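Engineer: let me see the structure of the following:
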Amino acid sequence: PYYSGREGLLFFDRAGTMQPELADARVREALAISIDVDSILEAVALGRGELTDQTFRPDSSGYIEELDDAYPYDPERARQLLSEAGAENLSITIPTTTTFDPAIYNAIIQSWNDIGVDVQRYEWGPGEAIPSMLAGDFPISYMSLGQRDSWNHIQFLISPDASWNPLGSEADELNELISTVQNGTEDEQAQAAADVNRYLVDEYWFAPFYRLERSFYYNDAVSVENQLNQAVPAIYNYRPTGQ
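Structural biologist: Okay, here's the model as predicted:
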């Protein structure tokens with residue numbers, strides 16, 4: 001078994017352009033900590049995964065171990081945060097797709113209902129989900145994405161022009177850190193990547209759930225090399241051993 005990707009919520013609308021309440025990090029925090037992710041992992045994947053609250057993968061320069069449990073489950077605090085942010089009457093739409101177990105969406109919606117959030121569903125048709133997310137049609141979505149090294153991860157998910165940052169979220173502090181990851185010395189790059197990670201966690205850009213455990217099976221007649229960013233290695237990574 002190995003861990004090929006990460007699943008969780010993407011808060012696309014961090015500036016509150018579509019959903020004004022999401023501009024307040026307290027609202028994003030409330031939505032994140034109101035979900036009992038551990039129970040979802042047990043129910044959906046029989047516990048076969050690693051809980052995490054960060055998007056950087058464990059072997060990347062930006063990974064910070066302590067951030068894997070940065071968002072403890074706390075629905076009471078979530079209610080308090082919504083009250084402080086003046087978002088007690090929050091109403092949001094979550095898009096859904098049959099790609100994911102419906103139990104995941106049911107758990108998210110029930111969790112948000114429990115803290116007083118009104119939630120509507122929008123169901124994507126076949127092939128609509130990814131184009132819709134990349135177009136920034138919704139302020140929030142659940143998704144599974146592969147894990148990359150720090151710089152490719154930033155280009156893929158975090159930079160203002162990243163494909164998975166469709167609404168172009170940015171901040172001066174974050175842009176400076178990204179520039180250092182790209183142009184600094186090796187030590188500066190590593191520290192800046194970690195600082196990017198901490199910024200994202202502190203500002204609740206995402207609500208990661210877990211890294212799922214992936215398994216594939218083979219016998220002594222075959223040798224297999226794991227494939228980065230793939231749930232199952234490509235066919236050219238399987239070779240006969242002659243046994």
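
Engineer: packing partners of the longest strand anywhere in the chain?
Structural biologist: In the chain, taking DSSP state E as the definition, the longest strand is strand 206-214. Strand 206-214 is packed against strand 2-3, strand 5-11, helix 25-33, helix 37-45, strand 49-51, with contacts defined by 3 or more C-beta pairs under 8 Å, 6 or more residues apart in numbering; DSSP states H and E. All C-beta spots, glycine's among them, are computed from the backbone N, C-alpha and C.

Engineer: now do the buried residues in the last one.
Structural biologist: Of all the residues in strand 49-51, those buried under the rule 16 or more other C-beta atoms under 10 Å are Gly49, Leu51.

Engineer: partners of it in the sheet?
Structural biologist: Using DSSP bridges, the strands paired with strand 49-51 are strand 206-214 (antiparallel).

Engineer: off-centre distance for the partner strand?
Structural biologist: Mean-position distance between strand 206-214 and its chain equals 7 Å (C-alpha atoms, centre = their mean, to the nearest Å).

Engineer: ok, stretch 198-211 next?
Structural biologist: 7 Å.

Engineer: which of the residues in that stretch are buried?
Structural biologist: Buried residues in stretch 198-211, counting neighbours by 16+ other C-beta under 10 Å, are found at 198-201, 203-211.

Engineer: outside of the lengthiest helix in the chain itself, list whatever touches it.
Structural biologist: For the chain, the longest helix by residue count, based on DSSP state H, is helix 186-202. The set of residues external to helix 186-202 that reach it, using C-beta atoms under 8 Å, 6 or more residues apart in numbering, is 53-56, 60-64, 67, 70, 150-151, 154, 158, 171, 173-174, 177-178, 180-182, 184, 206.

Engineer: export it as PDB, just CAs?
Structural biologist: Listed next in PDB are the C-alpha coordinates belonging to helix 186-202 (Å, rounded to 0.1, in the frame of the first residue of the first chain):
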ATOM      1  CA  GLU A 186      18.100  25.700  -1.800                       C
ATOM      2  CA  ASP A 187      17.700  26.500   1.900                       C
ATOM      3  CA  GLU A 188      15.600  29.500   1.200                       C
ATOM      4  CA  GLN A 189      13.300  27.600  -1.100                       C
ATOM      5  CA  ALA A 190      12.700  24.900   1.500                       C
ATOM      6  CA  GLN A 191      11.900  27.400   4.200                       C
ATOM      7  CA  ALA A 192       9.700  29.400   1.900                       C
ATOM      8  CA  ALA A 193       7.700  26.300   0.800                       C
ATOM      9  CA  ALA A 194       7.100  25.500   4.500                       C
ATOM     10  CA  ASP A 195       6.000  29.100   5.100                       C
ATOM     11  CA  VAL A 196       3.600  28.800   2.100                       C
ATOM     12  CA  ASN A 197       2.200  25.700   3.700                       C
ATOM     13  CA  ARG A 198       1.700  27.300   7.100                       C
ATOM     14  CA  TYR A 199       0.100  30.400   5.500                       C
ATOM     15  CA  LEU A 200      -2.500  28.200   3.700                       C
ATOM     16  CA  VAL A 201      -3.300  26.300   6.800                       C
ATOM     17  CA  ASP A 202      -3.500  29.400   9.000                       C
END
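
Engineer: buried residues in it?
Structural biologist: By 16+ other C-beta under 10 Å, the buried positions in helix 186-202 come out as 189-201.

Engineer: got it, and stretch 135-146?
Structural biologist: For stretch 135-146, burial by neighbour count (16+ other C-beta under 10 Å) applies to Gly136, Asp137, Phe138, Pro139, Ile140, Ser141, Tyr142, Met143, Leu145.
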